[in-house]
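# Kindly generate the corresponding structure for this input.
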Amino acid sequence: MSLFGFRVAPGLRLTVSQRGLRAGIGPRIARLHVGSGRPGVSTGKGSAVFYTSLGGSKQRRGSGRAATGHTRALSAPASKRQRAEQIQAAITGIASMHTADFPPATAPDLGPAPPEPLEPHLERRRAEAKSQVPFWRFGQRRAALTEAERLATDDQQRAQQERAETHRRAQAEADEAWARLLDNDRDVVADTLDAAFDDNDAPAVCVAVDDRTVDVVLAVPSIEALPERTPGVTDAGNLSLRKMNKTDRNALHAAVVYGHLLLTVKETFAIAPNIDEVRAFVVRDAPDDVYGTPRVEPVVAAAIRRDALAGVQWDAHHAETIVTEIAHEHLVDRKGRARDVVELELDDEPELAAALDTLDLTDLVD
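Numbers count the residues shown, from 1 in each chain. Next up, the predicted model:
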């Protein structure tokens, strides 16, 4: 039985380059880490962003950050102590990023319509009154200004009614989007998840929604993006930056792979309340082929059910250990004494291989 059945919808294309993953859906091309989607109204509350003529931005929660975020600052010139602190912070962040939490999505509540201010209407009506009556006709001018105040109040009330109606329609659209999200509507779930993923350090995209299950693809950094050295102390008690051995560096890379996987799974369950299972497919940058064409390679596939997350002691275990124990299906290949995370051989997983074939490496991201 194959682990995955990626049914890429007509018009859906995935593009991977050295900069990350790109998804093109129909006539709309959305670069995931920049974010692009259907315009609309943001609820401003909860962890969900609704995309059926709605939209907005998501607040990222949790203390864990991805490997790219932790390694980004390491290229800047720094003293040995500063560099050691940066590297240690990156290693600590990578090891703990899977502990980040995402509050569950809640029903959208736009609150009351904001009040319509009187002052802009009053200024406009007063200016009109003054332009129509010479300043030396004091009595007529006072009467005109009094009438301007009355007209401004009427204008304000009409504008407030229009604002309230617009607000009511926006709330109704948000409520409809929420209902469709709870019904696991394919378009709403996919668009909502893609909008939620758009600021992730590991680009991710929802490629299929089937009843209460979603399939996601995420791209993680290769091991070359990680620190090569680690802080230490010499026999004389001096600070050193020793070269990380291969086993430790592979373990750090595994923490990146599985940390991103768990973050994506946890965020998916938080964003889509009635999704019960996430099937995650992790790819990473790979060396160009002999023709110089960029490519990616699959490294991990895992199927995780929502109820498996209940009671997990996130702080007490490594990300890989957690995935190994909670995933009801899990594919990974670790080789040699250093336990390298190597490319998956998909001869026995034709559907996974077919899913990877949908990745288009020709339309590169700038």
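# who's in contact with Pro115?
Gln160 (CB atoms under 8 Å, 6 or more residues apart in numbering). C-beta coordinates here come from the backbone N, C-alpha and C atoms, glycine included.
# hang on, it in a strand?
No - using DSSP: H, G, I helix; E, B strand; the rest coil, the assignment for Pro115 is coil, not a strand.
# Doesn't Phe281 lie inside a strand?
Yes - assigned with three-state DSSP, Phe281 falls within a strand.
# so where's this protein shaky on pLDDT?
Of all residues in the chain, those with pLDDT under 70 make up the ranges 1-78, 352, 355-366.
# all helices for it, in order.
All helices of the chain, identified by DSSP state H, fall at 67-71, 80-96, 119-132, 138-182, 186-197, 246-271, 319-326, 350-357.
# closest one to Pro231 among those?
Across the helices of the chain, Pro231 has its closest neighbour in helix 80-96 (4.0 Å, CB to CB).
# Give the phi and psi angles for Val312, as a check.
The phi and psi values for Val312, taken as degrees, to the nearest 10, are phi -70, psi 130.
# ok, now how distant is it from His98?
For Val312, the distance to His98 equals 10 Å [CB to CB, to the nearest Å].
# what residues do these two have in common as contacts?
With CB under 8 Å, 6+ apart as the test, Val312 and His98 both reach Ile322.
# more neighbours, these two?
Neighbours were tallied for Val312 and for His98 using other CB atoms under 10 Å; the higher tally belongs to His98 (26 against 16).
# Identify the residues contacting that one.
Going by CB under 8 Å, 6+ apart, the list of residues near His98 reads Gly64, Ala255, Tyr258, Gly259, Leu262, Leu263, Trp314, Ala319, Ile322.
# from what I can see Val265 touches Ala280, true?
Yes - between Val265 and Ala280 a contact is recorded at 5.9 Å, counting by CB atoms under 8 Å.
# any shared contact partners between these two?
Shared contacts of Val265 and Ala280, counting by CB under 8 Å, 6+ apart, come down to Ala302, Ile304.
# more neighbours, these two?
Val265 (28 against 24).
# Now do the contacts for the more buried one.
Val278, Ala280, Ala302, Ile304, Leu309.
# with these in mind, which one is nearest to His167?
Relative to His167, the closest of these is Val278; by CB to CB it sits at 34.9 Å.
# What's the local residue count around the closest one?
26.
# Any idea what it is bridged to?
Going by DSSP bridges, Val278 is paired in beta bridges with Val214, Ile304.
# how near is it to Leu193?
According to CB to CB, Val278 stands 10 Å off from Leu193.
# Ala338 now?
35 Å.
# And Gln160, by the same measure?
37 Å.
# and if you look at Asn250?
Asn250 is 30 Å from Leu193, by CB to CB.
# So for these two, which sits in the more crowded spot?
Per other CB under 10 Å, whichever of Asn250 and Leu193 has more neighbours is Leu193, with 27 against 21.
# In this structure the more buried one contacts Thr264, no?
No - counting by CB under 8 Å, Leu193 stays clear of Thr264, with 9.3 Å between them.
# anything in contact with each of those two?
Val216.
# which ones are touching the residue most central in space within the chain?
The chain has Phe197 as the residue nearest its centroid, 1.9 Å off, counting by CA atoms, centre = their mean. Neighbour list for Phe197: Leu32, Pro203, Ala204, Val205, Cys206, Thr264, Glu267 [criterion: CB under 8 Å, 6+ apart].
# Give me the subset of the residues you listed that lies in strands.
Ala204, Val205, Cys206 (DSSP state E).
# distance of the nearest residue to Trp314 once chain neighbours are set aside from His318?
Residue nearest to Trp314 in three dimensions, not counting chain neighbours: Thr99, with 4.4 Å by CB to CB, 6 or more residues apart in numbering. Per CB to CB, Thr99 is found 11 Å from His318.
# the more surrounded of those two?
Taking neighbours as other CB under 10 Å, Thr99 and His318 compare with Thr99 leading, 21 against 16.
# List the buried residues for stretch 233-250?
Leu241, Met244, Arg249, Asn250 (16 or more other CB atoms under 10 Å).
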